[in-house]
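>>> sequence unknown, structure follows:
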């Protein structure tokens, strides 16, 4: 089973975390190539990244794609997220865990930014 886990930073402001959950739900409605979609947080909300991965494994995931919902390749993307994935991968070698490029690396970001300025 193929599962996507969208990873966000997490916020003390619950409305921000709920926005991530809403995007995750919207993504799941359009992501027909995946059996399940969920989200997890680097900090400040649950599930944590390890727990989000373990939840996916408990639901039967054999392949997990981690999708960092970050705009730049800072320390969280380049170090923290891989560091939290590694122990889960080590204890579940039968599950393939891949990290997709972070959101800000998408070639369509300039188009999205341009669309946000229309009508303002």
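Structure received. Since we're looking at a predicted model, the values are computed, not measured.

>>> Residue ranges in the chain under the pLDDT threshold?
Applying pLDDT under 70 to the chain flags no residue at all.

>>> Tell me where the longest helix sits in it.
helix 14-30 (DSSP state H).

>>> State the distance from residue 101 to residue 36.
21 Å (CB to CB, to the nearest Å). The way it works is simple: take the backbone N, C-alpha and C, and place the C-beta from them, glycine included.

>>> The two: who's more crowded?
residue 36 (17 against 12; other CB atoms under 10 Å).

>>> give the contact list for that one.
1-4, 28, 56, 59, 61 (CB atoms under 8 Å, 6 or more residues apart in numbering).

>>> For residue 4, see how far away it is.
7 Å.

>>> At which residues are the strands of the chain located?
Applying DSSP state E to the chain gives strands spanning 2-8, 36-41, 63-68, 96-99.

>>> circling back: what residues sit buried inside the longest helix of the chain?
For helix 14-30, a neighbour-count test (16 or more other CB atoms under 10 Å) marks 17, 20, 24, 27-28 as buried.

>>> same check, this time on stretch 63-80
Buried, per 16+ other CB under 10 Å, within stretch 63-80: 64-70, 76-77, 80.

>>> got TSV for these, with distance to residue 105 too?
Shown next, in TSV, are these (distance: CB to CB, whole Å):
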residue	distance to residue 105
64	19
65	15
66	14
67	11
68	9
69	12
70	9
76	14
77	9
80	17
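
>>> Looking at these, which is nearest residue 109?
Minimum distance to residue 109 across the buried residues of stretch 63-80 is 12.0 Å, recorded for residue 70 (CB to CB).

>>> Is that closest one in contact with residue 9, as I believe?
Yes: using CB atoms under 8 Å, residue 70 is in contact with residue 9, at 7.0 Å.

>>> List the residues that are in contact with both of these two.
Joint contacts of residue 70 and residue 9 (CB under 8 Å, 6+ apart) are residue 76.

>>> does residue 64 really touch residue 95, like I thought?
Yes: counting by CB under 8 Å, residue 64 does reach residue 95; the two are 6.3 Å apart.
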